[in-house]
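Peer 1: Sharing a model prediction with you, sequence too.
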Amino acid sequence: MIYMKKKIFYLTGFMGSGKSTIGPIIANTLGWNFYDLDSVIEEKTNLKVPEIFEKEGENYFRKLETKTLSELSDGERSIISLGGGTVTLPQNVDIIKNSGVLIYLKISPETAYERLKFKRDRPILTRDGTVDLNKQEFINRLSSLMKKRKASYESADIIFDTEGDGIGLTVDKLVKLMRRQMQSFNNTNNGY
């Protein structure tokens, strides 16, 4: 079992891995709070993430992301969905590992393609203005970005493969896994 410093689960993974979809369902099932890091940043700035990238640049966004993550890490009983690139910065990983458990929701480039092919709000994929990629070009771009982030994602405490399961089954499996982690946390804190 992984030792939990706080009752916070962070969900990481590539765009389309289900972090923002299953995170609120898990939080509701557990009776916990849910935060989508990108949404919190959008509320703070009154700008969408693509607008922040466009107007201020990625470095500005990453600094804001780290600050917001640090603020959220002070909470308890929370599920926090991270942006796809959050764990690529060592300072973010330190915040996460010192305050909770990091779960990597793993998907293939092909699955990511199926979930993202109609989305045009992903700055990391469209920043160069190339939005009309054919299927193979899109999958190649996804695959390349996934390879760059692989080590960061795989530094997670738990790697959870979401391929082939529907949302309901994925949520059921994750909630069981989280409850086991929490039981371990409770036993450790109660001196067992």
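Peer 2: Happy to help now that I have it.

Peer 1: what kind of secondary structure is residue 105 in?
Peer 2: strand (DSSP: H, G, I helix; E, B strand; the rest coil).

Peer 1: now the closest residue in space to it that isn't next to it in sequence: how far from residue 76?
Peer 2: Leaving aside its chain neighbours, residue 105 sits nearest to residue 13 (3.7 Å; criterion: Cβ to Cβ, 6 or more residues apart in numbering). (Glycine included, C-beta is placed from N, CA and C.) Using Cβ to Cβ, to the nearest Å, residue 13 is found at 23 Å from residue 76.

Peer 1: the more surrounded of those two?
Peer 2: The residue with more neighbours, out of residue 13 and residue 76, is residue 13; 25 against 11, by other Cβ atoms under 10 Å.

Peer 1: so what does the helix ranked longest in the chain touch, helix or strand wise?
Peer 2: Criterion DSSP state H: the longest helix present in the chain is helix 167-189. Applying 3 or more Cβ pairs under 8 Å, 6 or more residues apart in numbering; DSSP states H and E, one finds that helix 167-189 contacts helix 19-30, strand 101-106, strand 158-161.

Peer 1: got the buried residues for it?
Peer 2: 170-171, 174, 178, 181-182, 185 (16 or more other Cβ atoms under 10 Å).

Peer 1: what's the answer for stretch 6-15, then?
Peer 2: Buried, per 16+ other Cβ under 10 Å, within stretch 6-15: 6-15.

Peer 1: Return the distance of residue 12 relative to residue 184.
Peer 2: 21 Å.

Peer 1: what's the answer for residue 84, then?
Peer 2: 28 Å.

Peer 1: Same check on residue 146?
Peer 2: 30 Å.

Peer 1: Likewise for residue 37?
Peer 2: Taken as Cβ to Cβ, the span from residue 37 to residue 184 is 26 Å.

Peer 1: Please apply the same query to residue 117.
Peer 2: 40 Å.

Peer 1: now swap in residue 137 and tell me
Peer 2: Distance, residue 137 to residue 184, by Cβ to Cβ: 45 Å.

Peer 1: need the helix or strand of the protein with the lowest average pLDDT.
Peer 2: helix 123-126 (a mean of 51; mean pLDDT, DSSP states H and E).
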